[in-house]
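Colleague: when you get a sec, could you give me coordinates for this:
(3 chains)
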Amino acid sequence: MSMNSVGRPTRPEAAAPAQAAGVPATLSGGRGLLQDEALIFELGGWEKTGVDLPNVDPDGLDLGDLVRTAPIGLPGLSEPEAMRHYVRLSQKNHAIDLALYPLGSCTMKHNPRLNEKMARLPGFSDIHPLQPQSTVQGALALMDRLAHWLKTLTGMPAVALSPKAGAHGELCGLLAIRAAHEAKGDARKRVLVPTSAHGTNPATAAFVGYAVEEIAQTEDGRVDLADLEAKLGPDVAAIMVTNPNTCGLFERDIVEIARLTHAAGAYFYCDGANFNAIVGRVRPADLGVDAMHINLHKTFSTPHGGGGPGAGPVVLSDALAPYAPTPWIVHGEDGFALVEAPEGPAERAFGRMSAFHGQMGMYVRALAYMMSHGADGLRQAAEDAVLNANYIKARLQDVMTPAFPEGPCMHEALFDDAWLDGTGVTTLDFAKAMIDEGFHPMTMYFPLVVHGAMLIEPTETEPKHELDRFCDTLRLLAEAAKAGDAERFKGAPFHAPLRRLDETLAARKPKLRWRPEAALAQAAE
Amino acid sequence: MRFTKDHEWVALDGDVATVGITAYAAEQLGDVVFVEVPEVGKVVKTGDGLAVVESVKAASDVYAPIAGEVVEANGALSDTPETVNHAPEGDGWFAKLKVADKAAVEALMDRDAYEAFLQTL
Amino acid sequence: MRYLPLTPADRAEMLGVVGVSSVDDLFRDVPQTARRDGTVDLPNHLGELEVEQELRALAGRNRAAGDGLFFCGAGAYRHHVPATVDHIIQRSEFLTSYTPYQPEIAQGTLQYLYEFQTQVAALTGMDVANASMYDGSTAAGEAVMMAHRVTKRPKAVLSGGLHPHYAETIKTLAHVAGVDIVRQPAAIDGEAAVVDALDADVACVVVQTPNVFGTATDVAKIAAAAQAAGALLIVVTTEVVSLGLLKSPGEMGADIVVAEGQSIGNGLNFGGPYVGLFAAREKFLRQMPGRLTGETVDADGRRGFVLTLSTREQHIRRDKATSNICTNSGLCALAFTIHMSLLGEAGLRKLAALNHQKARALRAELAAVPGVEVLTPRFFNEFAIRLPADAAEVVETLAGNGVLAGVPYSRLDPAAGLDDVLLVAATEMTPDNDIRFLPRALARVLGAKEQG
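Modeller: Presented below is the predicted three-dimensional model:
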């Protein structure tokens, strides 16, 4: 069998009780400001509604037997109940507005509220995607300006704005690459991806119909050029390389990687998830990139929103631009126009990523951020992001083990778990203890090439005192682990809204929705 | 019982080989939460994907250690995947294969050789 | 710069701790040829006020739906969103959190996703729903890929009533997956025709109800025929409010249901971000794309929620994943679930009936306009009319008079030969006065055209 991951506990061990000796448990389950909160299905009434609507003539339906007769099963809440429900839930979440959220590769930076305000202007939020184009010239101008900024910052000649997330952008890039090969009658079969890549890279390549082959990594965390050269060949369609890579390192040989790739007739797809480390300082075009997605929710501060919506525009080289998906914007005689159908100038377009034109709400936010920072501020932001990460690496390298101690890192500092050897504490335990200290854990067990990986990305929006508080805390935790205080880690978190959850139970007996029968059965017990 | 370097075991009874994963593999995987067993009648070559075993954080392919035709699959694992953890080399078997080349089974590692192999990991 | 907390003194001190003399040393791995000294050729930073002024000017060059009369639909609908919704989704803990990978400190997100999944499953009449997709069209593409995985068959049949953008999105994915697409010619009331294309190679038939022309269809017979042929029935809905009034696709036998959820809780936003709903029968659970949230307990036995069945996903399965999707549409799903909780069953039914009634009133008014023919036999809140003129030209003329009269079908599918077809929608947002005014404005434009 293949074993592609290290097994780690996914159900809580028989842990020490969270209740400290002598401190009585509360009687209701509530804990101070932290309220216990039921599901809407347990709170709401089937008759209740929090929306007042005019009465409707019950005989005014003209749909015959298409009308639904059975109950749907949707509870309703009055407005005060709804407000309480969601405010109580919100208080069980960590947030970047609360404290450092150092998830490596995720770029949890401050989300300016100006962005939110601008996206809600009726001129952006209350316009229909299929209004006559003469009535949305401002929206098209905004998209065109965003495109101009993205092209200038990357040095690339074209951009497809419509992909709705980073992975969707990867899909767009690979579809363009496949279309370009097909246009040449060149059916290539393989895509090369480094072992350290995000899971979306191989998943995308496979989705687009390519066989995925891994490229080895060197001792110092970069693409192994010799292995790349050996694996490149006439059937390789593309390579997908993240730069800076998922180890937080700049691919020193990136120009050579591009040269070798092009010499083999393949395209260079760059995963731009880490563009925030170099924006304003390095243009991907100067590195030989053919396509790269840009996560607007990472580099350009649109909110992560608990997992979306994202946005993943893809910049394209001249070779790939003709195959970009519809729609795109052109400067017409009467202002801006959208090319929406695959005809005329768009006859080589590979297709369409989705209905309509992409994530307009995210375009407004990203452009508000870019204009706020400007060319000077974006460059400074990249430099501060890199400085903050190197500062963390410098302050922790004597108590934890950097995976790649030599040389600077970029925007994230990567540690392995060698320093935990013999402590009985794992990366997972350490992360859970961080929760008790008020910090969100770093990215764990990724990239896969580093044992027990801990990937810390502070971003540029952390002040020095917060970085110091974080480093001080991690040093104390590291010392506690080495001093044999395993209890602090094994049962952690003790102070979070919930303690460790039983993921094994969730996966073995999936309960993916509330059902009235389950509630009834529980009541009967 | 014979073993492979991919941590599968094979037990031959007449021309029917029972296949599962070793106790070592089961422990490495962590809590098994799902097993996809092959359909009866499926014909596999040595090294083909035979089953998929999943823990919460990993999905692993189980390869056919020997060529043959699936004559029985352990359907009970769909309700009780934890059996793979409790009895990997017993009730946690995945499939029974009708094999033509019994000598190929004999050529696999015996328990001592497998134990020695584990020491090298 | 207001988003950057480090001071020059901080930077100098930190560079000292790192042990380098300048920040350039930290970028030493960048190849010489790619190093740039100055800034890129873009404007420098601006204050909040200046940014706001520039962006307000751009916003001011758009005709917002609320600025005049508005009858557009065709996959994006203008509904009233309660103030509570936008307030809650802007709370820091929802807006600025990440995908809930650490469940101990993400129960807020996980619980609302569990509630969202339950609402979507109930609404569509299906067993299970995921934590959302990018939008309805990408969900439809993923549904076809899923049917291909389940049946291992090479063909998908798309109805003539499927939104053309959805058809193109599906086709784009299908092409690289080696799935042949049979797209039936545009038809106002032709969902049932998909059964004519059934054969042993068909993985799925994709129908839409209400379809792009507004026609509502009972898909029970299509479901039976598809399943008898070993194919799956995928039902698409772009106006999810309709499910407050119409039989659910699950009730009619659908295997997979995908919908655009924008209508509940989310604004028009010029087409995005929206929220895709994806629901299926339980037996296909392990072939579903996207995130799933499940119930479990913590170490103290308290109920909690986690992301589960992740082995289907890209971060574990990599090149064998069911999809490459990573992000869902979290905040839009939150807006959906808040709005749906406020509505409840009673509110949703009333909202749906109100929409239907508005559209019926509009139909009656438009049917009286000389030369106008109503094409859609049974509709929810949107229908197609045939004009004695080019619909796009009429719409453009009316837009000049402050009336966004609807979506010309040719905008969606220029090659269909339906240049005279206009799609018009009415919702609870459409005032009765506007419903009375549109026919008059339309008659004037058509009359002028006739004379001209």
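
Colleague: check which helix or strand A:Ala141 maps to.
Modeller: When secondary structure is defined using DSSP states H and E, the element that contains A:Ala141 is helix A:137-154.

Colleague: now the helices for the stretch 201-350 of chain C?
Modeller: Across the stretch 201-350 of chain C, reading from the start of the chain, the helices by DSSP state H, counting those that start in this stretch fall at C:220-228, C:314-317, C:330-367.

Colleague: which positions in the first one come out as buried?
Modeller: Read it as helix C:220-228. Within helix C:220-228, the residues that count as buried by 16 or more other CB atoms under 10 Å in any protein chain shown are C:222-223, C:225-226. Yep, even glycine has a C-beta here, placed from its N, CA and C like the rest.

Colleague: return the member of the residues you listed nearest to C:Asp413.
Modeller: Each of the buried residues of helix C:220-228 was scored against C:Asp413 by CB to CB, and C:Ile222 proved nearest at 22.1 Å.

Colleague: look through chain B and tell me its longest helix.
Modeller: Scanning chain B for the longest helix, with DSSP state H as the assignment, gives helix B:111-119.

Colleague: what about it, near chain A?
Modeller: No - with CB under 8 Å from any CB of the partner chain as the criterion, chain A is not reached by helix B:111-119; the gap is at least 13.2 Å.

Colleague: give the buried residues for that helix.
Modeller: Within helix B:111-119, the residues that qualify as buried by neighbour count (16+ other CB under 10 Å) are B:Tyr114.

Colleague: what's the most buried one of the helices of the stretch 201-350 of chain C?
Modeller: Mean neighbour counts were compared across the helices of the stretch 201-350 of chain C using mean count of other CB atoms under 10 Å in any protein chain shown; the top stretch is helix C:330-367, at a mean of 24.

Colleague: still on that earlier bit, quick check: the two most widely separated of the buried residues of helix C:220-228?
Modeller: The most widely separated members of the buried residues of helix C:220-228 are C:Ala223 and C:Ala225, with 7.4 Å between them, by CB to CB.

Colleague: quick revisit: turn the helices of the stretch 201-350 of chain C into TSV, including distance to chain B.
Modeller: As requested, the helices of the stretch 201-350 of chain C are arranged in TSV below (distance: least, CB to the nearest CB, whole Å):
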stretch	distance to chain B
helix C:220-228	20
helix C:314-317	5
helix C:330-367	22
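
Colleague: between the buried residues of helix C:220-228, which is closest to C:Arg35?
Modeller: C:Ala226 (59.8 Å).

Colleague: for the closest residue to the closest one other than its chain neighbours, give its distance to chain B.
Modeller: Taking CB to CB, 6 or more residues apart in numbering or on different chains, and ignoring the residues beside it in sequence, C:Ala226 has C:Leu233 as its nearest neighbour in space, at 4.5 Å. Distance from C:Leu233 to chain B, counting by CB to the nearest CB, to the nearest Å: 24 Å.

Colleague: next, the buried residues of stretch C:289-307.
Modeller: Burial within stretch C:289-307, assessed by neighbour count using 16+ other CB under 10 Å, is assigned to C:289-300, C:304-307.

Colleague: meant to ask about stretch C:435-449, not that
Modeller: Within stretch C:435-449, the residues that qualify as buried by neighbour count (16+ other CB under 10 Å) are C:435, C:438-439, C:441-443, C:445-446, C:449.

Colleague: the residue nearest to C:Ala203 when sequence neighbours are not counted: neighbouring residues, count only.
Modeller: Distances taken as CB to CB, 6+ apart place C:Arg153 nearest to C:Ala203, at 3.9 Å, with adjacent residues excluded. Taking other CB atoms under 10 Å in any protein chain shown as the neighbour definition, C:Arg153 ends up with a count of 20.

Colleague: wait, is C:Arg153 part of a helix?
Modeller: No - with the criterion set as DSSP: H, G, I helix; E, B strand; the rest coil, the secondary structure at C:Arg153 is coil rather than a helix.

Colleague: where do the helices sit along the stretch 1-150 of chain A?
Modeller: With DSSP H, counting those that start in this stretch, the ranges of helices along the stretch 1-150 of chain A come out as A:40-43, A:79-90, A:113-119, A:122-125, A:137-154.

Colleague: close to chain C: what parts of chain B are there?
Modeller: With the criterion set to CB under 8 Å from any CB, chain B comes near chain C through B:34, B:36, B:54-59.

Colleague: which of those has the largest number of neighbours?
Modeller: Among the residues of chain B next to chain C, B:Val56 has the most neighbours (other CB under 10 Å), with 30 neighbours.

Colleague: contacts only, for that one.
Modeller: A:10, A:503-504, A:506-507, B:30-31, B:33, C:308, C:310-311 (CB atoms under 8 Å, 6 or more residues apart in numbering or on different chains).

Colleague: which residue, other than its chain neighbours, is closest to it?
Modeller: Here the nearest residue to B:Val56 in space, its sequence neighbours aside, is A:Thr10; by CB to CB, 6+ apart that works out to 3.8 Å.

Colleague: the one you found reaches A:Glu503, doesn't it?
Modeller: Yes - A:Thr10 is within contact range of A:Glu503, at 4.0 Å (criterion: CB atoms under 8 Å).

Colleague: comparing the two, which residue is more hemmed in?
Modeller: Neighbours per residue (other CB under 10 Å) separate A:Thr10 from A:Glu503, with A:Glu503 holding more: 25 against 22.

Colleague: on the pLDDT front, check whichever residue of the stretch 301-450 of chain C sits closest to chain B for me.
Modeller: Distance from chain B to each residue of the stretch 301-450 of chain C (CB to the nearest CB) is smallest for C:Thr311, at 4.0 Å. C:Thr311 is assigned a predicted lDDT (pLDDT) of 83.

Colleague: where do the strands sit along chain B?
Modeller: If DSSP state E is used as the criterion, the strands of chain B fall at B:2-3, B:8-13, B:16-21, B:32-36, B:43-44, B:49-55, B:59-63, B:68-73, B:95-98.

Colleague: including mean pLDDT, could these go into CSV?
Modeller: Supplementary listing: the strands of chain B in CSV, determined by pLDDT from 0 to 100:
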stretch, mean pLDDT
strand B:2-3, 94
strand B:8-13, 94
strand B:16-21, 95
strand B:32-36, 92
strand B:43-44, 94
strand B:49-55, 91
strand B:59-63, 89
strand B:68-73, 95
strand B:95-98, 95
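
Colleague: so which of those gets nearest A:Arg31?
Modeller: A:Arg31 lies closest, by CB to CB, to one member of those: strand B:32-36, at 31.0 Å.

Colleague: which residues are contacting that closest one?
Modeller: Contacts of strand B:32-36 with the rest of the structure, by CB under 8 Å, 6+ apart, involve A:504, A:507-508, B:26, B:51-56, B:74, B:77-78, B:81-82, B:84-85, B:94, C:286, C:311.
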